[in-house]
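**Q** Based on what follows, work out the 3D shape:
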Amino acid sequence: MALDLAFGKRVYDWLGQHPRVYQGIRWGVCFGRERSLQELAIAATGLHEGDTVLDLACGAGVNLAGLEAKVGESGKIIAVDYSTGMLDTARARSREHGWTNIEFRRGDAASLELPAKCLDGAICTFGLSAMPGELAALRRVAAALKPGACLVVLDAKIFTGWARILNPIAGPLFQYTTNWNYKKDVVGCIRATFDAVQVVEFNSGCNFIAVARRK
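**A** Numbers count the residues shown, from 1 in each chain. Here you go, the predicted structure:
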């Protein structure tokens, strides 16, 4: 059942209505380092004031404040997610802060339609490992990035360090609670799509930040 769009929508619609549960899951997946890793990922985008950035699989909008600080009022954020519940929460967050430069879109990332070379940067946090069609989504993002711009991915994978003994438990647990495919090679898909990719791992290999640049 996992890694199915309909199943994933049900999961994330529910999590969108329970943001504290969702935040708790992210905190647990990152061993309490979710905020610092998120800040590192946003900083790695290299965005400037006035830029246009894509927040792919934006979820409840946890990246929006950091992206707003980068692009400013003169910039633009395109926030895309398949879950109505998540988008509702993200929109509420936007209204609360008075952000008016965010375009919210509901849709499948694998079918994302954007003009060629329209983005100054893109970010995806804990999205690619939980969505079907990640390779198609990556190709669409790559085509929409301007030359030299990058996609930054903060995501999770199975443990490779000392904590790998937890893989038989953690993999199935998060598969059925977050639609996470612990067998998926997200980093491999990124390397197959982009010209230059740098990857840094954290937390016994469970988390990684990949910076994928288009030449």
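**Q** Residue 47 belongs to a helix, doesn't it?
**A** No - counting by DSSP: H, G, I helix; E, B strand; the rest coil, residue 47 is not part of a helix but coil.
**Q** I am assuming it contacts residue 53, so please confirm or correct that.
**A** Yes - between residue 47 and residue 53 there is a contact at 5.7 Å, judged by C-beta atoms under 8 Å. All C-beta atoms are positioned from the backbone trio N, CA, C, and that covers glycine.
**Q** Mutual contacts of these two, please.
**A** Counting by C-beta atoms under 8 Å, 6 or more residues apart in numbering, the shared contacts of residue 47 and residue 53 are 67, 70, 71, 75, 120, 121.
**Q** ok, now which ones touch the closest residue in space to the last one that isn't next to it in sequence?
**A** Going back to what we said before, that points to residue 121. Distances taken as C-beta to C-beta, 6 or more residues apart in numbering put residue 45 closest to residue 121, at 4.3 Å, once the chain neighbours are dropped. Under the criterion of C-beta under 8 Å, 6+ apart, the contact list for residue 45 reads 53, 67, 70, 121, 122, 123, 150, 152.
**Q** possible to save these as CSV with neighbour count?
**A** Converted to CSV, these look like this (neighbours: other C-beta atoms under 10 Å):
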residue, neighbour count
53, 25
67, 26
70, 20
121, 24
122, 27
123, 28
150, 25
152, 23
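**Q** Quick one: mark the members of these that sit in strands.
**A** With strands taken from DSSP state E, the overlap with these comprises 53, 121, 122, 123, 150, 152.
**Q** any chance of the residues you listed in JSON lines, with distance to residue 86 and pLDDT too?
**A** Below are these laid out as JSON lines (distance: C-beta to C-beta, whole Å; pLDDT from 0 to 100):
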{"residue": "53", "distance to residue 86": "18", "pLDDT": "98"}
{"residue": "121", "distance to residue 86": "21", "pLDDT": "98"}
{"residue": "122", "distance to residue 86": "18", "pLDDT": "98"}
{"residue": "123", "distance to residue 86": "15", "pLDDT": "98"}
{"residue": "150", "distance to residue 86": "24", "pLDDT": "97"}
{"residue": "152", "distance to residue 86": "20", "pLDDT": "98"}
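**Q** between those residues, which is closest to residue 160?
**A** Closest approach to residue 160 among the ones in strands among the contacts of residue 45 (C-beta to C-beta): residue 152, at 20.8 Å.
**Q** Go ahead and confirm that closest one touches residue 208.
**A** No - with contact defined as C-beta under 8 Å, residue 152 does not reach residue 208; the gap is 11.0 Å.
**Q** Beyond the helix or strand of the chain with the lowest mean pLDDT, next helix or strand please.
**A** Sorting the helices and strands of the chain by mean pLDDT, DSSP states H and E puts helix 167-178 at the bottom, at a mean of 65. Using DSSP states H and E, the helix or strand that directly follows helix 167-178 along the chain is helix 186-193.
**Q** residues in contact with that following helix?
**A** Residues contacting helix 186-193 (C-beta under 8 Å, 6+ apart): 128-129, 134-135, 138-139, 142, 151, 153, 155, 157, 197, 199, 208, 210, 212.
**Q** from the residues you listed, which ones fall inside helices?
**A** 134, 135, 138, 139, 142 (DSSP state H).
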